[in-house]
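Participant: Return a 3D structure for these sequence lines:
(one chain, ligands or ions: 2)
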Amino acid sequence: MTASLIAAEKRFYHGLVHHGLIIPLGVDGVFGRGAVFEEVVRGFSQLITTEAADQNAEALHFPPVIPRRLLEQSGFLASFPHLAGTVFSFEGTDAEHRELQHAVDDGADWSTHQTMTDVALASAACYPVYATSRGVLPAAGKVVDVSSYCFRREPSQDPVRLQSFRMRELVCLGAPGDVLNWRAAWIERSAALLESVGLAVKVVTAADPFFGRAGRLLAANQKELELKLEFVVPISAEERPTAVMSLNYHQEHFSSKFDIYTEPGVRAHTACLGFGLERIAMALFKRHGFDPSAWPFQIRSKLCPSRC
Ligand code: 5GP
Ligand code: ZN
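Facilitator: Ligands and ions are numbered 1, 2, ... in the order given. Prediction:
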């Protein structure tokens, strides 16, 4: 990374902290947020709700932990073992507890005193949707509106790369043609939505950060088939734009793992679009300034009405 990139990241980070928008907790990529930051997140979420009103989407909310089995079944560990987070906990006796506490007091590694549990941290908001959509879909398919905290083990000094962040997703499950039409419509609609608040996004074909040598092939294939589109905008640094939203077309990836059909024996296709809510808020602070009272009235009134 160039010195000017690092300096730009640092400037933006200090601006967010100085204005009370984010609160450092001592670990890279894990922040608290102030009231104004949260108001902007709520404001933008409401714009998504309004834009998606015609989808008749089922609105679901899932916790930031999912069954470990779901992480295993979804293929996330196969592709992104380096990003997953699994919950471990203590299940021992009094004597083993004393050993654990000694290790903690000594600043030693206490991980060996813990056991893997049946829960893991959610890595994407949409996974529980596939797991709960087994069987035959309604004739027209369905759209689900889902949100949750997501965890990805990607510590970074860049404030737009969080280990724990909120994703709001629309997930479409249906026949291949319907899913492709849905995706085409939402490329336009999401770009217009982001532009309506002053974010001039560029749509680029992208690849997920698949692990290892086999992962390089998967990434090349994903790019060639244009399965992942990212909506990028400069946030921390002009020369390195960040994805504030992604549109992922999974074809049969999830329907084959979770037995989702459009009619008996015919596998459905799925696609999801995911808005990264913290990144969108940060992009807005970058674009319009750290103090929403100085934002253009039209944007302030939609996203931060307390500053009007
Ligand atoms: P995807 O599941 O396609 O990787 O991510 C969907 C969206 O979640 C991204 O477009 C982005 O806005 C958001 N996102 C992904 N990774 C991170 C991250 O490390 N930090 C933050 N703040 N948002 C992320
Ligand atoms: Zn998704």
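
Participant: Could you list the residues in contact with the helix or strand that contains Phe12?
Facilitator: If you go by DSSP states H and E, Phe12 is part of helix 3-18. Outside helix 3-18, the residues that touch it by Cβ atoms under 8 Å, 6 or more residues apart in numbering are 22-24, 157-159, 235-240, 282, 285-286, 290. To be clear about C-beta, it is placed using only N, CA and C from the backbone, and glycine gets the same treatment.

Participant: How about the residues of the chain by ligand 1?
Facilitator: Proximity of the chain to ligand 1, by Cβ under 6 Å from any ligand atom, involves residues 124, 152, 154, 160-162, 165, 167, 230, 243-246, 248, 274, 276, 278-279.

Participant: can you tell me which of those are in helices?
Facilitator: With helices defined by DSSP state H, the entries of these inside them are Glu278, Arg279.

Participant: what's whatever residue of the chain ends up closest to ligand 1 in contact with, if anything?
Facilitator: For the chain and ligand 1, the shortest gap (Cβ to the nearest ligand atom) falls at Gly276, measuring 2.1 Å. Applying Cβ under 8 Å, 6+ apart to Gly276 gives the contacts Phe165, Arg166, Met167, Ala243, Val244, Met245.

Participant: Could you give the bridge partners of it?
Facilitator: Met167 (DSSP bridges).

Participant: now Val233: how far from Ala207?
Facilitator: 19 Å (Cβ to Cβ, to the nearest Å).

Participant: Show me where the stretch 151-300 of the chain has its strands.
Facilitator: In the stretch 151-300 of the chain, the strands defined using DSSP state E, counting those that start in this stretch lie at 164-174, 202-205, 228-237, 240-251, 260-263, 266-267, 269-276.

Participant: Throw the ones you listed into a markdown table and include mean pLDDT, thanks.
Facilitator: Conversion of the strands of the stretch 151-300 of the chain to a markdown table gives the following (pLDDT from 0 to 100):
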| stretch | mean pLDDT |
| --- | --- |
| strand 164-174 | 98 |
| strand 202-205 | 97 |
| strand 228-237 | 96 |
| strand 240-251 | 97 |
| strand 260-263 | 98 |
| strand 266-267 | 98 |
| strand 269-276 | 98 |
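
Participant: show me what contacts Phe76?
Facilitator: Going by Cβ under 8 Å, 6+ apart, Phe76 touches Leu83, Ala84, Ser123, Ala124, Tyr127.

Participant: quick one: low-confidence ranges for the stretch 1-150 of the chain?
Facilitator: Within the stretch 1-150 of the chain, no stretch has pLDDT under 70.

Participant: need the contact list for the residue in it that ligand 2 sits nearest to.
Facilitator: The minimum distance from the stretch 1-150 of the chain to ligand 2, using Cβ to the ion, falls at Cys126 (3.2 Å). Cys126 makes contacts with Val144, Val146, Glu169, Val171, Cys272, Gly274, as judged by Cβ under 8 Å, 6+ apart.

Participant: among these, which are in reach of ligand 2?
Facilitator: Glu169, Cys272 (Cβ under 5 Å from the ion).

Participant: for the contacts of Cys126, which one is nearest Ala200?
Facilitator: Gly274 (19.9 Å; Cβ to Cβ).

Participant: The stretch 51-200 of the chain: helices as residue ranges?
Facilitator: Secondary structure of the stretch 51-200 of the chain (DSSP state H, counting those that start in this stretch): helices at 68-74, 76-79, 94-105, 127-131, 176-195.

Participant: Could you identify which of those is most buried?
Facilitator: By mean neighbour count, with neighbours taken as mean count of other Cβ atoms under 10 Å, helix 127-131 ranks first of the helices of the stretch 51-200 of the chain at a mean of 23.

Participant: what does it rub up against?
Facilitator: Helix 127-131 has contacts (Cβ under 8 Å, 6+ apart) with 60, 62, 66-67, 70-71, 73-74, 76, 122, 144, 146, 148, 171, 173, 254-255, 257-258, 260, 270.

Participant: again, only using 6 Å
Facilitator: Phe62, Leu70, Ser74, Val144, Val146, Val171, Phe254, Phe258 (Cβ atoms under 6 Å, 6 or more residues apart in numbering).

Participant: what helix or strand is the residue nearest to Ser196 when sequence neighbours are not counted on?
Facilitator: Once flanking residues are discounted, Ser196 sits nearest to Leu47: 7.5 Å by Cβ to Cβ, 6 or more residues apart in numbering. Assigned by DSSP H and E, Leu47 falls within helix 35-51.
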